[in-house]
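Participant: structure of the sequence below:
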Amino acid sequence: MAAINSGQNVAAAWEAYVPADPTDNIFQRHWILEQLRAGAGDGGGFEKQNGVVIRANLEYALNPNVKFMSSLEQLLISLPDTFDNAEYSWKFIGCDVPYSDFEDGITSGGSGKFDLKARKIQNMKNTVEEKINQSMFSDGTGTAGKELGGLQLIVSSTPTSGTVGLINRATYTFFRNQQITGSNTGTAFNNILASWTNSYNSCSNGIGEQNPTFLVTTQTVFEAYEGLTPTIERLVRQEPGDKLVRGFKGQNIQFKDLPVGYDPFCPASTAYVLNNRNLKCVYMQWMKGEAAVRPADAFYDVFKVLCILNLVTDNPRRLGVVTTIS
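Facilitator: Residues are numbered from 1 along each chain as shown. Below is the predicted model:
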């Protein structure tokens, strides 16, 4: 027998009618993408280009005509090769959102708990950003080479080999990133500070010049670094409302002057010491949407979005990776 009043209740009232958007249960924070965006408008981080390929102009050699000389000695006369450019191919990521007449009907007016069309489009945008953020940690070989050339390629754990921006790192040492191991020497994570310090200094152009701007790692390494801070064991109370506070909010944890964050897609036991001057998300189109189209033989609309972009560097010597942190 049916439960008494259950049908009446269903007919008369919503189960829990709250006209609000659905709660996000899936998306990760797109931390590295946020850091690159933070440099937008300052000539770094997030940059728009056009053209057949992405080009980064490079100055890579000293003028060989410069020399110490005697008072009557002739100067050297040669045409030095000191400039070049790195080239990166465009990568494409797209998505469509179908929206049926039936969905529109059952969510219109008072029958709609939230704006389904807007939320489906927002879900699509969040999904695209998550895929891009994830690909920023790739080695560029995923999806038959259609993925971005990510950090595992640009800031490689083996920087003396491979090709980046059409430049062979085995031949041209100027296009090699910094790399150091962070393995412990007897106690877990006891080499984090030394390895990060070395990477920071190696990625800087001397003292106080062209320093890194952010550091990204895994949650495990992030928590190990946070655990290196001194523990407060005792508090002398001055007021009844005084509180004992241990630890810091995540956004307040830094190494030197760098915000330190963790990203779920960062490779295990790895930390990247980066800046948004020399590591850029270059795009031709970013989340370019088109007006919804309606197939002639169907009862739904389709909204499409396209991104054309890639992750590039114009100076990998200012980028570092600490590997095998343990």
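Participant: just the helices from this structure, written as ranges.
Facilitator: Assigned by DSSP state H, the helices in the chain fall at 6-12, 31-37, 101-106, 116-135, 142-145, 151-154, 192-203, 219-226.
Participant: columns distance to Val260 and mean pLDDT on top of those, output as TSV?
Facilitator: C-betas here are computed from N, CA, C, even on glycine. What follows is those, written out as TSV (distance: least, CB to CB, whole Å; pLDDT from 0 to 100):
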stretch	distance to Val260	mean pLDDT
helix 6-12	51	52
helix 31-37	10	88
helix 101-106	43	84
helix 116-135	17	89
helix 142-145	27	92
helix 151-154	16	97
helix 192-203	9	96
helix 219-226	7	95
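Participant: check those helices for me and report the most buried one.
Facilitator: Greatest average neighbour count among the helices of the chain goes to helix 151-154 (a mean of 23), per mean count of other CB atoms under 10 Å.
Participant: which residues touch it?
Facilitator: The contact list for helix 151-154, computed with CB atoms under 8 Å, 6 or more residues apart in numbering, reads 136-140, 162, 164, 177, 267, 272, 279, 311-313, 316, 319, 321.
Participant: right, and the helices of the chain - which one's nearest Pro64?
Facilitator: Set against Pro64 and scored by CB to CB, those come closest in helix 192-203, at 25.9 Å.
Participant: contact partners of that closest one?
Facilitator: The contact list for helix 192-203, computed with CB under 8 Å, 6+ apart, reads 178, 180-182, 211-212, 215, 221, 224-225, 228, 255-256, 258, 271, 273, 275, 317-322, 325.
Participant: same check, this time on stretch 306-313
Facilitator: 54, 56, 86, 88-94, 128, 132, 135-136, 148-151, 154-155, 164-165, 177, 278-288, 290, 319.
Participant: same thing but 7 Å
Facilitator: Applying CB atoms under 7 Å, 6 or more residues apart in numbering, the set of residues contacting stretch 306-313 from outside is 54, 56, 88-94, 128, 132, 136, 148-150, 154, 165, 278-288, 319.
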